[in-house]
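Enquirer: Would you be able to build a 3D model of this:
(chains A, B, C and D)
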Protein chains: 2
Amino acid sequence: MSEGTVGKAMSVLDLVASKGRPVRLVEVQDEAGYPKATLYRLLQSLVKEGLLTFSPERQTYALGLRLVRLAHSAWSQSSLGPVARPVIEALAAKVGETVHLAQLDQGQVLYVDKRNALRPIEMFSQAGKVGPAYCTGVGKAMLAFLGEAELEAALKRQAFYQHTRSTLMGTEALRAELAAIRAAGVAYDREEHEAGIICIAVPILTGSGRVIGGLSVTSSVQRHSLEALEVFREPLIEAAALIARDAEAWLFPA
Amino acid sequence: MSEGTVGKAMSVLDLVASKGRPVRLVEVQDEAGYPKATLYRLLQSLVKEGLLTFSPERQTYALGLRLVRLAHSAWSQSSLGPVARPVIEALAAKVGETVHLAQLDQGQVLYVDKRNALRPIEMFSQAGKVGPAYCTGVGKAMLAFLGEAELEAALKRQAFYQHTRSTLMGTEALRAELAAIRAAGVAYDREEHEAGIICIAVPILTGSGRVIGGLSVTSSVQRHSLEALEVFREPLIEAAALIARDAEAWLFPA
DNA sequence: ATAACGCGTTTCACTATGTGAGACAAGGGA
DNA sequence: TCCCTTGTCTCACATAGTGAAACGCGTTAT
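Expert: Below is the predicted model:
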């Protein structure tokens, strides 16, 4: 089945996004997989729509700010961000450490919102960024409560790149970990994604048990032992329940 | 000249975005201006690409989280946000008030970052908000230093909706104000956009005088008189110069 | 000074993708 | 039970897109 014109344009957009810097046509030509004239026209249509910008001086294409505008609407309309905001702020004030709100998107963790600690810790996550599910607290918390079909699909998308010495490698190890998380009701990041970074996380579930997000409190091994994170368990569970309740009211008003 | 398939799809996406809530096909059909089957297929292709999501229970379409993922890349790659962040954090800590970083996009103010030293929050989720240029400090600061052709184009896009009793109405009044801003080097929001909200703003200019952004310190009439904002002028100018320097190094590495 | 090369842009015969009227399906209301 | 609304599908037709090749421009090599 053909990919369609919109699909082709989006694959070119993704390619430019993946470069992380402005690119010239010739720099994406091989990877794009289209003849030069076709690629040229796809780039032109993306520029025309504001999804890419073109620098005549440098002959480069970069992602356009229209994406930022649209994303704000998407964040507002389609993420837990707006409805969770007050709960996260209260949680961050209460626990004094970094709080993350995430959703699972194509088997990966999309950081939807984040509150920094009173003493900020340098770490990978930023709101809007995407991270791995298999080696993050929020990722594992969400994976653990997926239905089997969704889980199978999500597991296929895990790269199992070894980020640290603690990273879980492979589906079997991960499945065992997810079973333990289901039993305990909480997940931990034991420096699996970034050395020195630990967290405790819970899923955000609807009344019928469907995963709609994940919430975590993150710290560093300098500040807390893993055991010490237990004090955050109850506040996290309460906050997740509040978000789930508010989300349900918001998604399905009476 | 036809709008192209990508253009049609984007106009449907914009329409869904403009509703601010999930919508059914029938709710956008009249405004979309396409026959039902055509609209249906455009919606399907947007869903397929993750730009929209579809809720089978409610038969509604909403913006997809793929936009949030792409937008973070766009923010990182194509806005001043990343390069300006340390400067804005330092400025916010120094002045103790809210700092906004903005860029002009299609004649409107696109808020790229926002800092408040007293409430350390991750602002990407607020990035992407769009505001009017004619009645905001950062908007007027940027408009004032545009070349004439760009200014003319931008002025055509101003709605001149009267937000408050102080809002400037009309091109002539605005041009006079912009001339005063060029002379003074700073712009003010004198409760023109929101009652009670005031700010002092400066443009961010390249070495050759091209506008690449705007920076402001915002307060309220309860906290400061307009005159009292003068203490922020020098820090703002210094911060804008730092951002311009760092942006130039980043956009045009030696 | 001239030729060759690299990269971006344009052309045009051809075709793949998209169009849209109308039919069909399903659910709800009268 | 019938009618209406909304969403989905079909298919003859049309348009927008395709891609090889040529063109244009600037740079580099001879």
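
Enquirer: So, low pLDDT: which residues of the stretch 51-200 of chain A?
Expert: Scanning the stretch 51-200 of chain A with the threshold set as pLDDT under 70 gives no residue ranges.

Enquirer: Show me which residues of it sit near DNA strand C.
Expert: A:Gln59 (C-beta under 7 Å from any atom of the strand). Placement of C-beta: from N, CA and C, glycine included.

Enquirer: Does the residue most central in space within chain A fall in a helix, a strand, or a coil region?
Expert: Against the mean C-alpha coordinate of chain A, by C-alpha atoms, centre = their mean, the closest residue is A:Leu110 at 1.4 Å. Three-state call for A:Leu110 (DSSP: H, G, I helix; E, B strand; the rest coil): strand.

Enquirer: Name the nearest residue to it, ignoring sequence neighbours.
Expert: A:Gln103 (5.1 Å; C-beta to C-beta, 6 or more residues apart in numbering or on different chains).

Enquirer: and that neighbour, what helix or strand is that in?
Expert: Applying DSSP states H and E as the criterion places A:Gln103 in strand A:98-105.

Enquirer: Can you list the helices and strands that that strand packs against?
Expert: Applying 3 or more C-beta pairs under 8 Å, 6 or more residues apart in numbering or on different chains; DSSP states H and E, one finds that strand A:98-105 contacts helix A:81-95, strand A:108-115, helix A:137-144, strand A:211-220.

Enquirer: Please tell me how far the first one is from the chain's geometric centre.
Expert: Right, the one you point to is helix A:81-95. Offset of helix A:81-95 from its chain centre (C-alpha atoms, centre = their mean, to the nearest Å): 18 Å.

Enquirer: Over to stretch A:131-142?
Expert: On C-alpha atoms, centre = their mean, the centre of stretch A:131-142 falls 9 Å from that of its chain.

Enquirer: cool, and stretch A:204-221?
Expert: On C-alpha atoms, centre = their mean, the centre of stretch A:204-221 falls 12 Å from the chain's centre.

Enquirer: Does at least one residue of that stretch sit close to chain B?
Expert: No. Judged by C-beta under 8 Å from any C-beta of the partner chain, stretch A:204-221 stays clear of chain B, getting no closer than 11.3 Å.

Enquirer: related to what we said a few turns ago, okay, the helices and strands packed on strand A:98-105, which one's buried deepest?
Expert: helix A:137-144 (a mean of 29; mean count of other C-beta atoms under 10 Å in any protein chain shown).

Enquirer: elements contacting the helix or strand just after that helix?
Expert: Next helix or strand after helix A:137-144 toward the C-terminus (DSSP H and E): helix A:148-156. Applying 3+ C-beta pairs under 8 Å, 6+ apart, one finds that helix A:148-156 makes contact with helix A:137-144, helix A:171-184.

Enquirer: what's the domain layout of chain A?
Expert: A:4-68, A:79-251 (automatic domain parsing).

Enquirer: closest one to DNA strand D among these?
Expert: With C-beta to the nearest atom of the strand as the measure, domain A:4-68 is the member of the domains of chain A nearest DNA strand D (3.1 Å).

Enquirer: First-to-last residue distance for that closest one?
Expert: 24 Å (C-alpha to C-alpha, to the nearest Å).

Enquirer: For the longest helix along chain A, give me every contacting residue.
Expert: As assigned by DSSP state H, the longest helix anywhere in chain A is helix A:233-251. For helix A:233-251, contacts defined as C-beta atoms under 8 Å, 6 or more residues apart in numbering or on different chains pick out A:80, A:83-84, A:87-88, A:90-91, A:94-95, A:101, A:185-186, A:200-207, A:212-213, A:215-217.

Enquirer: what is the mean pLDDT for it?
Expert: Regarding helix A:233-251, the rounded mean pLDDT is 90.

Enquirer: now do stretch A:205-222
Expert: Computed over stretch A:205-222, the average pLDDT equals 93.

Enquirer: Likewise for stretch A:36-50?
Expert: 95.

Enquirer: Name the residues of it that come out as buried.
Expert: A:Leu39, A:Leu42, A:Leu43, A:Ser45, A:Leu46, A:Glu49, A:Gly50 (16 or more other C-beta atoms under 10 Å in any protein chain shown).

Enquirer: from these, which are also near chain B?
Expert: A:Ser45, A:Leu46, A:Glu49, A:Gly50.

Enquirer: thinking again about what came up before, in its sheet, what does the strand holding A:Gln103 sit against?
Expert: Partner strands and pairing direction for strand A:98-105 (DSSP bridges) are strand A:108-115 (antiparallel), strand A:211-220 (antiparallel).

Enquirer: Using CSV, write out every CA atom in it.
Expert: Taking Å, rounded to 0.1, in the frame of the first residue of the first chain, the C-alpha atoms of strand A:98-105 are listed here in CSV:
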residue,chain,number,x,y,z
THR,A,98,11.9,16.7,40.3
VAL,A,99,8.5,15.5,39.2
HIS,A,100,7.7,14.1,35.7
LEU,A,101,4.5,13.5,33.9
ALA,A,102,4.7,11.2,30.9
GLN,A,103,2.6,9.5,28.3
LEU,A,104,3.4,6.4,26.2
ASP,A,105,3.5,7.3,22.6
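
Enquirer: shouldn't A:Phe232 be in contact with A:Ile198?
Expert: No. The criterion here is C-beta atoms under 8 Å, and A:Phe232 misses it with A:Ile198 at 11.0 Å.

Enquirer: where's the closest residue in space to A:Val138 that isn't next to it in sequence relative to chain B, distance?
Expert: Spatial nearest neighbour of A:Val138, chain neighbours left out: A:Gly214 (3.5 Å); criterion: C-beta to C-beta, 6+ apart. Using C-beta to the nearest C-beta, to the nearest Å, A:Gly214 is found at 14 Å from chain B.

Enquirer: Equivalent analysis for A:Glu227, please.
Expert: Distance from A:Glu227 to chain B, counting by C-beta to the nearest C-beta: 27 Å.

Enquirer: again, but for A:Gly207
Expert: Distance from A:Gly207 to chain B, by C-beta to the nearest C-beta: 14 Å.

Enquirer: Provide the secondary structure category for that residue.
Expert: coil.

Enquirer: mind listing what it touches?
Expert: A:Gly207 sits in contact with A:Ala244, A:Glu248, where contact means C-beta under 8 Å, 6+ apart.

Enquirer: That concludes my questions; thank you for your assistance.
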